[in-house]
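[1] With the sequence up front, the predicted model follows.
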Amino acid sequence: MSSTLLIKKNWTKQSLLADQEVGGRKRGRTAGSWVDEIASQKKVITLCPLCTNKFNPAKVGFRKEKDIPYCTATCDGCSVKNEPKCSWYIYEETYNEVRFTKDESRAWHKRKAEAIKRGYYI
């Protein structure tokens, strides 16, 4: 009788985002179908400036990163390597788990400052 060992993994924000990245488009596949497949898997999509105009993130439930709008990556659409101005898109539900918006960050820091004034933080 074989036994199965289950190990709980503690996910950090960085490891969760790294897990969302994809290897790359296979030879012979069209760019649109590849990006649609990544979107259906809810993984991070990186697109060069030429491919960004062809992608509608709201249609598939994605959100464009606004705070850090560009990254250096391989374009998921046309497979251009090390494009310095790639836009990256995160699935909406994942975004809310791993990122703060500026407004959320301000509210969190304000609550923390008020808690410090009340003596809750040392």
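    Perfect, I can see it now. Numbers count the residues shown, from 1 in each chain.
[2] Residue nearest the middle of this structure, spatially speaking?
    Nearest to the mean C-alpha position of the chain, by C-alpha atoms, centre = their mean, lies Ile90 at 3.6 Å.
[3] Quick check: the gap between it and Gly61.
    Plainly put, Ile90 is 10 Å away from Gly61 if you go by C-beta to C-beta, to the nearest Å. Where C-beta positions appear, they are placed from N, C-alpha and C, glycine not excepted.
[4] And for Lys42?
    From Lys42 to Gly61 the distance is 8 Å (C-beta to C-beta).
[5] Find residues that contact each of the two.
    Overlap of the contact sets of Lys42 and Gly61 (by C-beta atoms under 8 Å, 6 or more residues apart in numbering) consists of 91, 93.
[6] When the two are compared, which one has more neighbours?
    Set Lys42 next to Gly61 and count neighbours by other C-beta atoms under 10 Å: Lys42 wins out with 16 against 12.
[7] That one contacts Tyr91, doesn't it?
    Yes - at 4.2 Å, Lys42 and Tyr91 qualify as touching, with contact defined as C-beta atoms under 8 Å.
[8] contacting residues for the residue nearest to Gly77 when sequence neighbours are not counted?
    Sequence neighbours aside, Cys51 is the residue nearest to Gly77 in space, at 3.3 Å (criterion: C-beta to C-beta, 6 or more residues apart in numbering). Neighbouring residues of Cys51 by C-beta under 8 Å, 6+ apart: 31, 35, 75-78.
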